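Undergrad: Prediction below, plus the sequence it came from.
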Amino acid sequence: MKEIKEWVTGKVSLTIGGKPINMEMTVPKDPVTVRRMLPVFRQLTNSFVGIGVGAAEADGKEISCKAGCGACCRQPVPLAETEVFELAELVENMPEPRRTEIKERFDKAFEHFASKGWFEKLDGVASMDKSVRHEIAIEYFSEQIACPFLEDESCSIHENRPVACREYLVTSPAEHCSSPTADTIEMVPILAKPSVALCRITQSTTKGTSVRFVPLITALEIARNYEEDQTEKSGEEWMADFFTELTHQEIPRENTEK
Ligand code: SF4
């Protein structure tokens with residue numbers, strides 16, 4: 001991995017959903033691939049979720065999610081394409097016998113849903129009605145196949161978990177999570193979805209595919225069959241792309257105060 005020689009720290013001031021957000025971030029000044037930006041995007045996600053948690057708690061609500069409760073880890077977790085390669089590398093670097101065990105879980109889960117024809121249902125998913133997307137997700141959940149990284153109902157890659165997993169917190173009773181419905185699950189509201197912005201800035205960059213919804217269990221299969229895009233941009237450019245997708249507004253670089 002190439003060494004980053006220069007970094008730049010900037011302040012970003014945004015208004016999302018009528019709420020002002022001020023952040024300070026340090027990003028590579030050198031051109032880097034989007035994967036090198038993942039730690040920054042994860043940190044940003046944690047900040048957005050933290051704001052949502054603060055608002056929920058100020059409203060007298062309590063977060064139900066805790067270690068040892070992995071009911072939601074049987075859902076189809078969407079990954080940004082860059083997270084596919086990050087997770088594949090994470091697995092590749094695991095010591096044996098864990099690496100083989102995790103790979104086997106991925107293969108089993110992949111084969112299970114392939115045999116059900118579930119992946120075909122994702123064709124054109126982005127333009128589907130929300131209720132249809134919900135049905136497809138429920139179908140997946142009803143199979144009760146745990147995420148390959150779930151260990152004793154806790155996430156074994158907590159520090160490296162995908163952005164979508166970071167966004168998923170509930171204030172509804174934990175027992176509802178084993179049979180979730182729109183009426184029984186109360187999510188912690190977040191002002192904007194970093195997972196969607198990250199998907200958008202990295203989608204179609206994987207050469208040879210234009211997959212838009214990438215379920216976590218397909219990560220190893222995709223990483224084996226496709227080449228990771230090596231497009232490089234400065235950290236500031238990646239951030240501008242990210243915030244443009246997050247806020248649906250063009251973010252001019254002058255808005256970043258250095
Ligand atoms: S990566 Fe971790 S948090 Fe996300 S679904 Fe898997 S076990 Fe759960």
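TA: Received the coordinates, thanks. All of these numbers come straight from a predicted model, not from anything done at the bench. Residues are numbered from 1 along each chain as shown.
Undergrad: From now on I want contacts and neighbour counts done on CA atoms only, so please keep to that.
TA: OK.
Undergrad: Can you give me the separation between the closest residue to residue 150 other than its chain neighbours and the ligand?
TA: In this structure, residue 150 finds its nearest non-sequential neighbour in residue 156, 6.0 Å apart by C-alpha to C-alpha, 6 or more residues apart in numbering. With distances defined as C-alpha to the nearest ligand atom, to the nearest Å, the gap from residue 156 to the ligand amounts to 6 Å.
Undergrad: since we're on residue 156, how many residues are nearby?
TA: Under the neighbour criterion other C-alpha atoms under 10 Å, residue 156 is assigned a count of 13.
Undergrad: Around the ligand, which positions in the protein sit nearby?
TA: Proximity of the chain to the ligand is assessed by C-alpha under 6 Å from any ligand atom, with 73, 147, 149-150, 155, 157-158, 161-162, 165 identified as the residues in range.
Undergrad: try it again with 8 Å
TA: The chain has residues 70, 72-77, 146-151, 153-158, 160-162, 164-166, 216 near the ligand, with proximity defined as C-alpha under 8 Å from any ligand atom.
Undergrad: Please enumerate the helices of the stretch 1-150 of the chain.
TA: 38-58, 81-92, 98-115, 130-142 (DSSP state H, counting those that start in this stretch).
Undergrad: so of those helices, which one's packed in deepest?
TA: Comparing those by mean neighbour count (mean count of other C-alpha atoms under 10 Å), helix 81-92 ranks first with a mean of 20.
Undergrad: quick one: it to chain centroid distance?
TA: Its chain's average C-alpha position is 12 Å from that of helix 81-92, according to C-alpha atoms, centre = their mean, to the nearest Å.
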